[in-house]
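>>> Sequence and predicted structure below; questions after.
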Amino acid sequence: MKIKGLLCSTTAKTNEEYKKVLKRRNIGKIVLIVAGILIAGTAFYAEQMQKTTLAEEVIGLYCGFGVGIAIAGIVFLIKSIVLMANEEKLKQDRLENADERLAEIRSKAARVTLMVMLMVILGGGMICSIFEPLLMKATVFLIDVFALSYIISFTYYKRKM
């Protein structure tokens, strides 16, 4: 079974509409590539110019994270470009991504993932803040960002739908 991505749903009825959707999504992939390059480049530059007191492992983590994001963006961008060039694969992908059953599966999987991540953030933050009190503030901040983004998006979609 092929797992389809969380942000792949579409309501496009024709291949031309779907190509427009994919072109808009490609902008996000380009942003992902640029962000990855900036993250890795900034960490590498800071380390080379000795402008940071971060440990070597942390610099390596930032560089690896940035390179990984950039590579993922490049792979997804190439996959999208190849998909747009093949009408039969484009149609097949459009139909798969427009499937209502898959949309419901994605929705339920996202809800479960959301609850698991909230529990991990809360549990991890509470336990780790015993050793590092600053982590409690980070935990509260993450929960506040979650709650605020949920309220804003709920209000937005309630008006839009």
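Everything's here; your move. Given the structure is predicted, the values throughout are model-derived calculations rather than measurements.

>>> I'd like to know which helix or strand in this protein has the lowest mean pLDDT.
Every helix and strand of the chain was ranked by mean pLDDT, DSSP states H and E. The lowest is helix 87-97, at a mean of 85.

>>> Give the other helices and strands that that helix contacts.
When contacts are defined as 3 or more Cβ pairs under 8 Å, 6 or more residues apart in numbering; DSSP states H and E, helix 87-97 packs onto helix 15-48, helix 56-85. (C-beta placed from N, C-alpha, C; glycine too.)

>>> now the last one against helix 87-97, angle please.
Okay, so that is helix 56-85. Between helix 56-85 and helix 87-97, the angle comes out at 110 degrees (axes from the mean of the first three to the mean of the last three Cα atoms, to 10 degrees).

>>> C-alpha coordinates for stretch 90-98, CSV please?
C-alpha atoms of stretch 90-98 as CSV (Å, rounded to 0.1, in the frame of the first residue of the first chain):
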residue,chain,number,x,y,z
LEU,A,90,-0.7,12.8,-13.6
LYS,A,91,-4.2,11.6,-14.0
GLN,A,92,-3.6,8.5,-11.8
ASP,A,93,-2.1,10.8,-9.0
ARG,A,94,-4.9,13.3,-9.3
LEU,A,95,-7.5,10.6,-8.9
GLU,A,96,-5.7,9.0,-5.9
ASN,A,97,-5.4,12.4,-4.2
ALA,A,98,-9.1,13.3,-4.8
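
>>> Could you check how far that stretch is from the centre of its chain?
Remark: stretch 90-98 is offset 21 Å from the chain centroid, using Cα atoms, centre = their mean, to the nearest Å.
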